[in-house]
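Peer 1: Let's see this in three dimensions:
(2 chains)
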Protein chains: 2
Amino acid sequence: MTTTQRYNVAVVGATGAVGAKMLETLDKKNFPINELYLLSSKRSAGKELEFQGKTYTVQETTPESFEGIDIALFSAGGSVSKKFAPEAVKRGAVVVDNTSAYRMDPEVPLVVPEVNEADIKTHNGIIANPNCSTIQMVAALKPIQDQFGMSRVIVSTYQAVSGAGNEALDELRTQSKAFLEGENLEAELLPVSGEKHHYPIAFNALPQIDVFQENGYTFEEMKMINETKKIMHDDKVHVAATCVRLPFFTSHAESVYVEVNKEGVTADQFKSAISNAEGIVLEDDPENQVYPTPLSSAGKCDVFVGRIRKDLDNEKGFHLWVVSDNLLKGAAWNSVQIAESLIKNNWLQK
Amino acid sequence: MTTTQRYNVAVVGATGAVGAKMLETLDKKNFPINELYLLSSKRSAGKELEFQGKTYTVQETTPESFEGIDIALFSAGGSVSKKFAPEAVKRGAVVVDNTSAYRMDPEVPLVVPEVNEADIKTHNGIIANPNCSTIQMVAALKPIQDQFGMSRVIVSTYQAVSGAGNEALDELRTQSKAFLEGENLEAELLPVSGEKHHYPIAFNALPQIDVFQENGYTFEEMKMINETKKIMHDDKVHVAATCVRLPFFTSHAESVYVEVNKEGVTADQFKSAISNAEGIVLEDDPENQVYPTPLSSAGKCDVFVGRIRKDLDNEKGFHLWVVSDNLLKGAAWNSVQIAESLIKNNWLQK
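Peer 2: Predicted structure coming up:
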């Protein structure tokens, strides 16, 4: 981004999986940083991290950490955001929060810039970054909603282990090696850190992401359902989700079924809507086996869509396959996009 | 199975991934074998295999291989079945064919014993064993169809590599090791042997199983759609499928959405229907994190169902998670079940 003014930026959760991608993205997108502050829990404080050739010592997050900060990017868990985001706002910072703490708060905009950028300006100091699996889906569905209307979405996800953090990545690596060497698999973390039971993720599929709710859906599934309605400004759209953790490191994939309102939409028109949308790349040529995969999309900021085809029975039904790097568009890049928008549109000051 | 009479059995494709499971299942189920013949391609002929303490030399399949055979279990690819199944029938054998060669032939019954066992008796020498991903889904849906009626199914699959054969399993193993050692991934087989392009399966997801059809669906997806209608005797039910290959060795999982005809069905009634069905095991207790996974179901003959919950918008919609060992219920065990039924019901002779 090009601008003459420069900003004081704090990254909260700088030592985590998303934190690392935040720094990578701030660098890659040439974000106009004046001073950078890397913050973490007490446990990780003191670590040193490189950014643009300079070494930074990670500091413990305190209310005072946010004195003089313009933009604070939070990604250190919901309880950290609950505790420190108000402190940051009190000191004049605008918070972009990549946890579920404020997402469904009616006072807090929940934003995917390709979908509802204008919501950012309604902020009262906090803008929420949606759940990774939601972001890539609504980005892909936005042009469909705009051009054809949309009554219903049914999604089954194929989610990477990095969504559960660095320790989960270590668990996948360790278990995979053990399995290949014929050793027993020990599960200590997944599907959910702190839950009663843990199951191996290596060479397996776990139909649980986050904890179960009373209605039998997981919190991850409810996030996809509720956040989609909020971001797309449509309380009436039917959304159903089944979320599954799979043994790959990066990028979520989603098998999405969508019913449009308009009659007579062809698969070609559907593809054309997708391919013209900002931030979306159509990779869809079955004859030449062209479709996105987690490995092919890893490390890229876009949302990739393929396998678009019309339902064989429902004239208004379409199927698509949506893949994106869950730590980039699903987290760090979406947060940095929101920060860029705050600057570009002069929405930092209320 | 207990019977006084014993039968001459041929296993065609004995050296393959499914062939090995055929032998394992014939042994485990104590199938009443008189003489056993292990057949293969010319390339694999001469190999020696153990069965119930005896060593058998695998022989090349010829028309004469089927002289005196009562039951021939085929699992060596569609072209082998097309060539040799009629030769076996001509010589008085009844063929249980685990390839796609005859599945949609109106003269050939396509059977999952828990669903449509009575169709076996209509055979003219050949009974087709459905596609692995179809079998476990229709087995789980049969009690639903019976008790509540069923108008619509949308399935996204999570399919194991063993469905693509022994060489694909080697590829997953080799690529996984290479990836963990930071080496480049070389793909030579998956997603489909003989296709133009190959992509790594290790730590990835490939939304292509079998070749693409002109309508943009893969052949695997069309198998699920067409076979489900034939097996369940319902041309009108709407079926949509998205089939995805994933980096695990054994057992397919499926995220299934189904709409029933009956009004007012509760999730508990739905669960009760599933748990009372033959061959189906309900593993569904979210509070205690109980649900089936590929690893937990591997090596077992049953179909496991969990994550049953009502759709939040559609009063007649339900979601479920169906897991089964694709080489057992999805192939070998279903074939042996058909053979058992032929004997038990005196349907061998026409």
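Peer 1: any idea of the mean pLDDT in the biggest helix by length in chain A?
Peer 2: Counting residues, the longest helix in chain A under DSSP state H turns out to be helix A:132-148. Averaged across helix A:132-148, pLDDT comes to 98.
Peer 1: Which positions within it qualify as buried?
Peer 2: A:132-145, A:147-148 (16 or more other C-beta atoms under 10 Å in any protein chain shown). Placement of C-beta: from N, CA and C, glycine included.
Peer 1: when you scan it, is anything in it near chain B?
Peer 2: No: taking C-beta under 8 Å from any C-beta of the partner chain as the criterion, helix A:132-148 and chain B are apart, separated by no less than 13.5 Å.
Peer 1: before we move on, back to that, looking at the buried residues of helix A:132-148, which is nearest residue A:191?
Peer 2: residue A:133 (14.4 Å; C-beta to C-beta).
Peer 1: pLDDT at residue A:1, what is it?
Peer 2: pLDDT recorded at residue A:1 is 73.
Peer 1: nearest spatial neighbour of it, skipping sequence neighbours?
Peer 2: residue A:340 (5.2 Å; C-beta to C-beta, 6 or more residues apart in numbering or on different chains).
Peer 1: For the one you found, list the residues it contacts.
Peer 2: Residues near residue A:340 by C-beta atoms under 8 Å, 6 or more residues apart in numbering or on different chains: A:1, A:29, A:31.
Peer 1: Secondary structure and neighbour count added to these, as TSV?
Peer 2: Below are the contacts of residue A:340 laid out as TSV (DSSP: H, G, I helix; E, B strand; the rest coil; neighbours: other C-beta atoms under 10 Å in any protein chain shown):
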residue	secondary structure	neighbour count
A:1	coil	13
A:29	coil	15
A:31	coil	20
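Peer 1: Return the member of the residues you listed nearest to chain B.
Peer 2: Within these, proximity to chain B (C-beta to the nearest C-beta) peaks at residue A:29, which comes in at 27.0 Å.
Peer 1: who's in contact with that closest one?
Peer 2: A:1, A:333, A:336, A:340.
Peer 1: Between helix A:132-148 and the helix or strand the last one falls within, find me the angle.
Peer 2: In this structure, residue A:340 sits in helix A:333-344 according to DSSP states H and E. Interaxial angle, helix A:333-344 versus helix A:132-148 (axes from the mean of the first three to the mean of the last three C-alpha atoms, to 10 degrees): 60 degrees.
Peer 1: pull the CA atoms of helix A:333-344 into PDB?
Peer 2: The C-alpha trace of helix A:333-344 is given here as PDB (Å, rounded to 0.1, in the frame of the first residue of the first chain):
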ATOM      1  CA  TRP A 333      -4.400 -11.100   5.100                       C
ATOM      2  CA  ASN A 334      -8.000 -10.400   5.900                       C
ATOM      3  CA  SER A 335      -7.000  -8.500   9.000                       C
ATOM      4  CA  VAL A 336      -4.300  -6.500   7.200                       C
ATOM      5  CA  GLN A 337      -6.900  -5.800   4.400                       C
ATOM      6  CA  ILE A 338      -9.200  -4.300   7.100                       C
ATOM      7  CA  ALA A 339      -6.300  -2.200   8.400                       C
ATOM      8  CA  GLU A 340      -5.500  -1.000   4.900                       C
ATOM      9  CA  SER A 341      -9.100   0.000   4.400                       C
ATOM     10  CA  LEU A 342      -9.100   1.900   7.700                       C
ATOM     11  CA  ILE A 343      -6.200   4.000   6.400                       C
ATOM     12  CA  LYS A 344      -7.300   4.300   2.800                       C
END
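Peer 1: how distant is that helix from the center of its chain?
Peer 2: Here helix A:333-344 is found 14 Å from its chain centre; the criterion is C-alpha atoms, centre = their mean, to the nearest Å.
Peer 1: in it, what counts as buried?
Peer 2: Across helix A:333-344, burial judged by 16+ other C-beta under 10 Å covers A:333-343.
Peer 1: For the residue in the stretch 51-200 of chain A that chain B sits nearest to, report the pLDDT, please.
Peer 2: Closest approach of the stretch 51-200 of chain A to chain B (C-beta to the nearest C-beta) occurs at residue A:156, with a separation of 3.7 Å. pLDDT recorded at residue A:156 is 99.
Peer 1: Residue A:185 now?
Peer 2: At residue A:185, the pLDDT value in this model is 88.
Peer 1: In contact with the residue nearest to it when sequence neighbours are not counted: list those residues for me.
Peer 2: Leaving aside its chain neighbours, residue A:185 sits nearest to residue A:200 (3.9 Å; criterion: C-beta to C-beta, 6+ apart). With contact set as C-beta under 8 Å, 6+ apart, residue A:200 has these partners: A:175, A:179, A:185-187, A:190, B:295.
Peer 1: how much space between residue A:200 and residue B:285?
Peer 2: 19 Å (C-beta to C-beta, to the nearest Å).
Peer 1: quick one on the thing from earlier: take the buried residues of helix A:333-344 and write them to CSV, including pLDDT.
Peer 2: Below are the buried residues of helix A:333-344 laid out as CSV (pLDDT from 0 to 100):
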residue, pLDDT
A:333, 98
A:334, 98
A:335, 98
A:336, 98
A:337, 98
A:338, 98
A:339, 98
A:340, 98
A:341, 98
A:342, 98
A:343, 97
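Peer 1: Can you convert the residues you listed into CSV and add a column each for distance to residue A:21?
Peer 2: Formatted as CSV, the buried residues of helix A:333-344 follow (distance: C-beta to C-beta, whole Å):
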residue, distance to residue A:21
A:333, 8
A:334, 11
A:335, 9
A:336, 9
A:337, 13
A:338, 15
A:339, 14
A:340, 16
A:341, 19
A:342, 19
A:343, 20
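Peer 1: how about residue A:157, phi and psi?
Peer 2: phi -100, psi 160 (degrees, to the nearest 10).
Peer 1: who's it bridged to?
Peer 2: Bridge pairing for residue A:157 (DSSP bridges) gives the partners residue A:254.
Peer 1: was I right about it contacting residue A:253?
Peer 2: Yes: using C-beta atoms under 8 Å, residue A:157 makes contact with residue A:253 at a distance of 7.3 Å.
Peer 1: Out of the contacts of residue A:29, the closest to chain B would be?
Peer 2: Of those, the one sitting nearest to chain B (C-beta to the nearest C-beta) turns out to be residue A:333, at 21.0 Å.
Peer 1: Test my guess that that closest one contacts residue A:301.
Peer 2: Yes: the criterion here is C-beta under 8 Å, and residue A:333 meets it with residue A:301 at 4.7 Å.
Peer 1: what sits in contact with each of those two?
Peer 2: Each of A:25, A:325 lies in contact with both residue A:333 and residue A:301 under the rule C-beta under 8 Å, 6+ apart.
Peer 1: remind me which residues of chain A are low pLDDT?
Peer 2: Along chain A, the model assigns pLDDT under 70 to residues A:2, A:350.
Peer 1: how about the strands in it?
Peer 2: A:7-12, A:33-40, A:48-51, A:54-57, A:59-60, A:71-74, A:94-97, A:126-128, A:150-158, A:238-242, A:252-260, A:280-282, A:303-310, A:317-324 (DSSP state E).
Peer 1: Just put those in TSV and tack on mean neighbour count.
Peer 2: Converted to TSV, those look like this (neighbours: other C-beta atoms under 10 Å in any protein chain shown):
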stretch	mean neighbour count
strand A:7-12	24
strand A:33-40	19
strand A:48-51	13
strand A:54-57	11
strand A:59-60	16
strand A:71-74	28
strand A:94-97	27
strand A:126-128	26
strand A:150-158	24
strand A:238-242	24
strand A:252-260	25
strand A:280-282	20
strand A:303-310	25
strand A:317-324	26
